Structure formats: structure tokens, C-alpha cells
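Colleague: using only what follows, build the 3D model:
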Amino acid sequence: MSGVTLRRGEPNEHVAEVVLDRPEALNALSTAMARELGAVCARVAGDPGVRAVVLSAEGERAFCVGADLKERNAMSDEEIMAQRPVLRAAFGGVLNLPQPVIAAVHGYALGGGCELALSCDLIVADESAVFGLPEVTVGLVPGGGGTQLATRRLGAGRAADLVLTGRRLGIEEAQAYGLVDRKVPAGSARAEALTIAATIAGNSPVAVRAAKRAMRLGAGTGSLDAALDIEENAWRTAVLSPDRREGIAAFNEKRKPDWPG
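Modeller: Predicted coordinates for the structure are as follows:
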């Protein structure tokens, strides 16, 4: 068993749930699991029926504790370097999904687990969640996007606090830092994330994808004018689509839209 499961249709036919499913190892990312995660994300990205994605995890103790250090302990330098493209494809698979992605976090989200959450658009976490980027404590640097994604989400100072100390954040501090978007009672992160995903899936798929792309690309440019040009392109994509005509017609006819996009 590689450790990744894909579910569809709960609570909405347009929602996909990517499940980290290796609870006996606290969902640590082995090479096989990372390879499967990348493959599953590629399937989801190419499925026009998927409008929103939830990234969740099995087991009571952890969302994901990062790379499988037991596996890595037996690897040569050459084997570790050969593993690297597999891990990058896994993290990139989540980060580059065109649909909005909601992380449903419980328990430990450490190292690569924290980076997987950071790769999502929204992070829902319950009261048991513990976040951290402890790579420097074992002679490593966050390599799943952590140094860059934490800086973009939290700001330079708070990202440095996490990355350079390797310390852990409980749910209250993680929310205060801006690492968590919604805090929920223990055991309810997945349900809340699925509810959010269903809400997103009810909106125009053309507009949602265009808006996500504009936010991602705009955040990567240092110029407000350039970012507003990116927004302009997103607006034009949406306004010229059949979804815009259907959305406005449905509003005026007081009915639910049937999105052609």
C-alpha cells in the first residue's frame, strides 16, 4: 500500500479528497507514498469534473510528520538525490493544482507535513494540531517549499522564527501567526474542510480557477501594476465565459446556476 487514497463525491460530486493514508507511520512520506501523491494530484488536476480539493489524513495522531526518516536513514547520498525529484513532484502536485485546495489538519503537521498544508490555499486545523518546520534540527533545510511558502504566508520574521529555530506551534499560536485560517473543535477539521470545498464547488468553476491563478501569480510579483494586470486577465477570462452569462441569468431568475464551465 503506497499510502494515498483518492475519494470523490463527498459531500458534493465536484469535490475530490486526497487522503494521506499511512497512519501506522504517522503518514510519513516514503518514496512510494510521495510518488503516489504526485500521480494522484496529476489525475485530479486533469479532471474537469473536480472543482475543489480537500487534503486530509487518516489516523488519530498526525496529518503528516514529513519525510520518512527511517527510510532515509538507510539511503546513500546517491539514493537521496535520486529520491529528490519524486518528493518535488509530490509537493508540486499539491501546490500546482488548478482547483482550490483545503488542508484538513489534525495532530502533527511537521516538516513536509507542514509544507503540504502550506501548499494548500486554505488551512483548516482542529485543536489537536501541532505545526513545525524542524528540518534544521536534523541537519536539513525545508525542501518542500517551506522556506518560500512560510515567508509568503507569515512574513519574513515569523517564517524565520519557525525555520531557523525548528520549534513547534500549537493551534492557538499557529492561528495567531496566520498559519491556520480556521480553527475548529477536535475531530472536525475534515468535515469543515469538506463543507468549505462544497461551497467553493457551487461557484463558477471558470471564475474560481481564474481567481486562484490571479492570486497565486500576483503574489509572486513585486509590482502592484503587474499584479493588477494579472487580475485584469483573470477578469476577462471570467467575463467572456458562458459561466458569467449563466450566473447573471440565474441571479435574475432566482435559481441555482447550472455552470457550463
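Colleague: pretty sure residue 149 is touching residue 118, no?
Modeller: Yes: at 4.0 Å, residue 149 counts as touching residue 118 under the criterion of CB atoms under 8 Å. For every residue, glycine as well, the C-beta is placed using N, CA and C.
Colleague: quick one, which of those two is more surrounded?
Modeller: Relative neighbour count places residue 118 above the other of residue 149 and residue 118, with 26 against 21, counting by other CB atoms under 10 Å.
Colleague: for the more buried one, what are its contacts?
Modeller: Counting by CB atoms under 8 Å, 6 or more residues apart in numbering, residue 118 touches 145, 146, 149, 150, 153, 179.
Colleague: can we see that at 6 Å?
Modeller: Neighbour list for residue 118: residue 149 [criterion: CB atoms under 6 Å, 6 or more residues apart in numbering].
Colleague: and it, how close does it get to residue 79?
Modeller: With the distance defined as CB to CB, to the nearest Å, residue 118 ends up 27 Å from residue 79.
Colleague: ok, which stretches of this protein are helices?
Modeller: Per DSSP state H, the chain carries helices over the ranges 31-45, 69-73, 77-95, 112-118, 146-154, 156-165, 171-177, 189-201, 205-219, 224-239, 242-252.
Colleague: send the alpha carbons of stretch 25-34 over as PDB?
Modeller: Coordinates of each C-alpha in stretch 25-34 appear next as PDB, following Å, rounded to 0.1, in the frame of the first residue of the first chain:
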ATOM      1  CA  ALA A  25       3.800   5.600  10.100                       C
ATOM      2  CA  LEU A  26       2.100   8.900  11.100                       C
ATOM      3  CA  ASN A  27       1.700   9.400   7.400                       C
ATOM      4  CA  ALA A  28       5.400   9.900   6.900                       C
ATOM      5  CA  LEU A  29       6.200  10.400   3.200                       C
ATOM      6  CA  SER A  30       8.100   7.400   1.900                       C
ATOM      7  CA  THR A  31       9.400   7.400  -1.700                       C
ATOM      8  CA  ALA A  32       6.400   5.200  -2.800                       C
ATOM      9  CA  MET A  33       3.900   7.400  -1.000                       C
ATOM     10  CA  ALA A  34       5.400  10.600  -2.500                       C
END
